[in-house]
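Colleague: sequence and predicted model, in that order:
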Amino acid sequence: MRQGDLPDVSLRLLEIFAGMMRCATTVETAEFLGISQPAVSAGLRQLELQLGLSLFERTGRRLSPTMEARDLFEEIRPLFGILRSFSTRAQNMRLGQIGRLRVISTPPLGYSLGVRALRSFHAARPDVSVSYDVRRLENVVDTVQTGLADIGLVLNEEKLETVNSELLTRSQMVVLMPTNDPLAAETSITPKMLAGRSVIGIDQASQLGRLVSRGFVQGGGSYRPSIEVRYCQTAAALVAEGMGVTVVDPYSAEPYLCRGLVTRPFSPACEVRALILTRKGVPHSGLLLNFVEELRRQLPIGTPKPHHPPGY
């Protein structure tokens with residue numbers, strides 16, 4: 001080595017050196033590091049050669065560090081604290097314990113299932129930073145596609161080409177009404193049963209609005225809402241104020257079941273699919289996978305829980 005040149009010391013050699021400083025024998029160091037005793041001896045010889053220093057003196061069966069070794073060990077001691085912190089943080093990231101998760105949802109899932117999942121998810125991971133937003137379907141798809149959100153939650157029947165979609169669960173549209181409504185005694189409600197009633201309808205330009213409209217036609221009824229709103233949550237809120245009945249998805253109805261309202265299945269059955277949206281070509285983080293598992297745990301008991309499709 002020319003004078004002034006710095007030795008090119010690998011991190012592995014420093015790890016062997018630090019292990020030797022802690023354990024005092026090459027056998028103990030080998031067990032501590034999970035390598036062979038000859039590998040420890042060879043590493044120490046290589047380090048001494050690169051540094052041009054004698055680091056250990058043999059005393060019986062033990063190796064005693066020289067003063068130079070003690071001084072050098074104090075120099076590198078903080079390095080291993082940093083490495084342990086690095087490894088711990090990486091492990092926590094892999095296990096989904098720290099980091100940032102960005103969730104976006106349409107209102108039906110965003111104000112029901114998503115909230116329950118988020119409460120449980122964040123209670124178990126207080127160090128995770130979460131962004132949680134509720135928007136219209138088009139906004140959710142665009143936000144996931146552009147990478148501004150890690151996961152989207154939607155009710156959707158139409159094929160989506162720009163993002164990955166995975167079925168979370170299937171459910172049926174329901175009729176939401178006051179507990180004391182005469183129709184509450186029925187096991188299911190048909191469009192004909194709603195004739196002459198004040199029906200709060202969903203905007204027929206929306207997917208759920210079109211779904212309800214088709215259901216009325218198939219059931220031999222006429223879909224003529226007395227009040228039409230954009231969101232199912234708005235319809236549910238109006239029913240809670242005694243302004244009529246409505247046909248909505250069960251997620252939108254859920255928050256109002258503790259306010260003197262009940263649901264009954266709408267017949268003919270109108271299926272709604274709850275989907276998880278993710279960005280194409282992007283690996284799923286531990287946080288995202290943990291949140292998906294929490295969503296599944298929060299599904300009502302007895303709800304079908306599809307298996308992960310290939311590639312998820």
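Modeller: Looks like it arrived, so ask away.
Colleague: check contacts around residue 165.
Modeller: 156, 275, 276, 277 (C-beta atoms under 8 Å, 6 or more residues apart in numbering). (Glycine included, C-beta is placed from N, CA and C.)
Colleague: most neighbours, which of these?
Modeller: With neighbours set by other C-beta atoms under 10 Å, the maximum within those is found at residue 277, which has 25 neighbours.
Colleague: is it bridged to anything, and to what?
Modeller: Under the criterion DSSP bridges, residue 277 forms beta bridges with residue 152, residue 165.
Colleague: state the distance from it to residue 152.
Modeller: Going from residue 277 to residue 152 by C-beta to C-beta, to the nearest Å gives 4 Å.
Colleague: so the nearest residue in space to residue 139 that is not next to it in sequence versus residue 152, what's the distance?
Modeller: With sequence-adjacent residues excluded and distances taken as C-beta to C-beta, 6 or more residues apart in numbering, residue 139 is closest to residue 104, at 7.5 Å. Per C-beta to C-beta, residue 104 is found 5 Å from residue 152.
Colleague: just the pLDDT for the closest residue to residue 154 other than its chain neighbours.
Modeller: Of all residues not flanking residue 154 in the chain, residue 106 sits nearest, at 4.8 Å (C-beta to C-beta, 6+ apart). Note on residue 106: pLDDT of 94.
Colleague: if I read this right, residue 106 contacts residue 133, doesn't it?
Modeller: No. Judged on C-beta atoms under 8 Å, residue 106 makes no contact with residue 133 at a distance of 10.5 Å.
Colleague: between these two, which is the more surrounded one?
Modeller: More neighbours surround residue 106 than the other of residue 106 and residue 133, with 28 against 15 (other C-beta under 10 Å).
Colleague: what's next to stretch 34-44, contact-wise?
Modeller: By C-beta under 8 Å, 6+ apart, the list of residues contacting stretch 34-44 reads 12-13, 16-17, 19-20, 26-27, 29-30, 33, 55-56.
Colleague: ok, the spatially closest residue to residue 193 that is not a sequence neighbour to residue 224 distance?
Modeller: Once flanking residues are discounted, residue 193 sits nearest to residue 183: 6.1 Å by C-beta to C-beta, 6+ apart. When distance is defined by C-beta to C-beta, residue 183 is 18 Å away from residue 224.
Colleague: do residue 185 as well
Modeller: To residue 224, residue 185 is 25 Å away according to C-beta to C-beta.
Colleague: who's more crowded, those two?
Modeller: residue 224 (10 against 7).
Colleague: what residues are up against that one?
Modeller: Residue 224 makes contact with residue 199, according to C-beta under 8 Å, 6+ apart.
Colleague: just say helix, strand or coil for it.
Modeller: What DSSP: H, G, I helix; E, B strand; the rest coil gives for residue 224 is coil.
Colleague: look up phi and psi at it.
Modeller: Backbone torsions for residue 224, taken as degrees, to the nearest 10, come to phi -130, psi 80.
Colleague: what about residue 147, neighbour count?
Modeller: Residue 147 sits with 10 neighbouring residues when counted by other C-beta under 10 Å.
Colleague: Three-state assignment for it, please.
Modeller: What three-state DSSP gives for residue 147 is coil.
Colleague: next secondary structure after the helix or strand of the chain with the lowest mean pLDDT?
Modeller: For the chain, using mean pLDDT, DSSP states H and E, the weakest element among its helices and strands is helix 67-94, scoring a mean of 74. Sequence order places strand 99-105 as the next helix or strand after helix 67-94, per DSSP states H and E.
Colleague: parallel or antiparallel, list what pairs with that following strand.
Modeller: strand 128-134 (parallel), strand 151-155 (parallel).
Colleague: deepest of these, which one?
Modeller: Highest mean neighbour count among those (mean count of other C-beta atoms under 10 Å): strand 151-155, with a mean of 27.
Colleague: and for it, what's in contact with it?
Modeller: Residues outside strand 151-155 that contact it (C-beta under 8 Å, 6+ apart): 101-106, 108-110, 113-114, 137, 140-141, 143-144, 163, 168, 207-208, 249, 251, 272-278, 288, 291-292, 295.
Colleague: show me which of these are buried.
Modeller: By the neighbour-count criterion of 16 or more other C-beta atoms under 10 Å, these include these buried positions: 101-106, 108-110, 113-114, 137, 140-141, 143-144, 163, 168, 207-208, 249, 251, 272, 274-278, 288, 291-292, 295.
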